[in-house]
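>>> Pasting the sequence and the predicted model now:
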Amino acid sequence: MGFETVHDWTTHGGYIANQKLSSKMRAQALGMYVYRQFVDKKDALGKNAGDVITFSKRLRIDTAGGALTETSSMNKQTIKITKGTCSVTEYGNKVLYSLKADTLAKFNLRSEYGQGLMDDQVYVLDNAIFTEMKTARFNVVFTNTGKNHYEVKTTGSSTSTATITAYNDAQFRAIVDYAKQNHIPKMGSYYICIGATNFISDMYDNLQAVAQYAEPEFRYKDEIGKYYGARFVEDNVLASTTIGSGEVGEWFLFGAEAVAEAVALPEELRYYEEEAGRFRYLLWLGIMGYAKIWDRVADDNGNDLKGVERIIHVSSESTT
C-alpha cells in the first residue's frame, strides 16, 4: 500500500508547524444538522437483522360513521394498513496522515481531522434527508406575485417557471392553507418550514422572534421565528437560492412523519494504523437509511388522498 503524497509532511509541513502562525487552526465553516432534527426515528435494526426496516401506516376508515337506527345493525367498514420500507446503507469517509506529520506538527492532527470528519458527516447525512424531502409529490411554483398565483403538481415535478423575484407573506399563507386543506398534520402545534437564505430573508419582516414564544432550549437548530402556524428554519448549505433560472429560494413546508430514519450502526469515528503506526487513518462510519414515510401513489387508498402526502416542495422552476 502506498502513501499518498498529499498527506505527507513535505506537502503540509509548512502549514502545520510554522511558528509564526497562530496556535489555533482555523476551519472552513459548515452548518450543523438542519434536516435531521425533524426525522421520524424508527426502531434500530441492530445486528443480523437485514438491510430493510418495515413500518406500518394506518389509513383512515373507508366510510365515516354517523347516526344509528336503534333496530338496525351498524354497517361494517374497513381500515387499511399499508407498509413502508427504509433501506440502510453504509455512509462514511476517511482521511490519512503519517507518523512523521503527526510527530512534527504543531497541531493535534487526530483532533483536527476528527472535527473535519464530523463536519463531513453532518453534510452527508443532512444531504441524504434533503434528497428525500425533494421527492415530495406536492411541488409548487409561484407564477406571479399574487397569493393565488401558483401552480401545484401532485406528481413530484412542476412544469412552470417562477416569474417573481421575492416571496411575500401572502404567498406563504397560501401554502400553509394548502397544507391545511390537504390535511397535512402538524408537528406538534406547528408546521415546519425549512428554506434557503434568500427565502428566509424575504419572510423575515413577518416573523416573530423566537425568543418571544420559547426559551432557548426549545429552539430548533437555526430556527429564526414563527409565522402563521409555522416555525422557520434556515438552510444556508443545501437548499438552492436560484433553482435554474429562477431568482427565489427553495423551501419546504411539512408536518408530522415526513422522513424516516433507520439506523443499524450509529455514526461514529474510528481510528486505525498500518506499518507500526507510520500510516494513520481516521474515519467516520455509519449504517443507516432515510425514506419519505407517506406517498400519494404508494399509499393510495382509492378514495380520498388527503392526509397522505406530508411534504410541500416550493421551488423556482420545473423540477423535471
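Yep, it's here. Worth saying up front: this structure is predicted, and the values here are computed from it rather than measured.
>>> Can you spell out which helices and strands pack onto the longest helix along the chain?
Of all the elements of type helix in the chain, the one with the most residues (DSSP state H) is helix 109-133. Packing contacts for helix 109-133, counted by 3 or more C-beta pairs under 8 Å, 6 or more residues apart in numbering; DSSP states H and E, involve strand 89-98, helix 99-104, strand 259-274, strand 279-292. C-beta coordinates here come from the backbone N, C-alpha and C atoms, glycine included.
>>> If you average the pLDDT over the third one, what comes out?
Regarding strand 259-274, the rounded mean pLDDT is 90.
>>> Just the CA trace of that strand, in PDB.
The C-alpha coordinates for strand 259-274 follow below in PDB (Å, rounded to 0.1, in the frame of the first residue of the first chain):
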ATOM      1  CA  VAL A 259     -39.000  11.400   6.600                       C
ATOM      2  CA  ALA A 260     -38.000   8.200   8.500                       C
ATOM      3  CA  GLU A 261     -34.500   7.400   9.800                       C
ATOM      4  CA  ALA A 262     -33.500   3.800  10.300                       C
ATOM      5  CA  VAL A 263     -30.100   3.000  12.000                       C
ATOM      6  CA  ALA A 264     -28.300  -0.300  12.000                       C
ATOM      7  CA  LEU A 265     -25.000   1.200  13.200                       C
ATOM      8  CA  PRO A 266     -24.900   4.800  14.600                       C
ATOM      9  CA  GLU A 267     -22.400   7.100  13.000                       C
ATOM     10  CA  GLU A 268     -19.000   7.000  14.800                       C
ATOM     11  CA  LEU A 269     -15.400   8.000  14.400                       C
ATOM     12  CA  ARG A 270     -12.900   5.200  14.100                       C
ATOM     13  CA  TYR A 271      -9.100   5.100  14.000                       C
ATOM     14  CA  TYR A 272      -6.500   2.500  12.900                       C
ATOM     15  CA  GLU A 273      -2.900   2.300  11.900                       C
ATOM     16  CA  GLU A 274      -0.700   0.400   9.400                       C
END
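>>> My assumption is that T85 lies in a strand; please confirm.
Yes: applying DSSP: H, G, I helix; E, B strand; the rest coil, one finds T85 inside a strand.
>>> follow-up on the earlier one: so which other helices or strands are in contact with the following helix or strand past the longest helix of the chain?
Using DSSP states H and E, the next helix or strand after helix 109-133 towards the C-terminus is strand 138-142. Other elements packing on strand 138-142 under the criterion 3+ C-beta pairs under 8 Å, 6+ apart are strand 150-153, helix 169-181, strand 311-314.
>>> Please identify the most buried of these.
Comparing these by mean neighbour count (mean count of other C-beta atoms under 10 Å), strand 311-314 comes out on top with a mean of 25.
>>> contacts for that strand?
For strand 311-314, contacts defined as C-beta atoms under 8 Å, 6 or more residues apart in numbering pick out 133-134, 136, 138-142, 175, 178-179, 184, 250-254, 258-259, 292, 319.
>>> same question for that strand, mean pLDDT?
Rounded mean pLDDT across strand 311-314 is 95.
>>> where does the stretch 51-200 of the chain dip in pLDDT?
Along the stretch 51-200 of the chain, segments meeting pLDDT under 70 span 157-162.
>>> Just the buried positions in stretch 193-204, please.
By neighbour count on 16 or more other C-beta atoms under 10 Å, the buried set for stretch 193-204 is C193, I194, G195, A196, N198, F199, I200, D202, M203.
>>> can you tell me which helix or strand the first one belongs to?
Going back to what we said before, that points to C193. Using DSSP H and E, the element containing C193 is strand 191-196.
>>> rewinding a little: E70 is nearest to which of the helices and strands packed on strand 138-142?
helix 169-181 (37.0 Å; C-beta to C-beta).
>>> for the closest one, packing partners?
Secondary elements touching helix 169-181 (3+ C-beta pairs under 8 Å, 6+ apart): strand 138-142, strand 150-153, strand 191-196, strand 251-254, strand 311-314.
>>> that older thread, from the helices and strands packed on helix 109-133, which stretch is densest packed?
The most buried one of those (mean count of other C-beta under 10 Å) is strand 279-292, showing a mean of 20.
>>> quick revisit: can I get the helices and strands packed on helix 169-181 in TSV including distance to D299?
Formatted as TSV, these follow (distance: least, C-beta to C-beta, whole Å):
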stretch	distance to D299
strand 138-142	14
strand 150-153	18
strand 191-196	20
strand 251-254	16
strand 311-314	13
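>>> right, and the ones you listed - which one's nearest A239?
Closest approach to A239 among those (C-beta to C-beta): strand 191-196, 3.8 Å.
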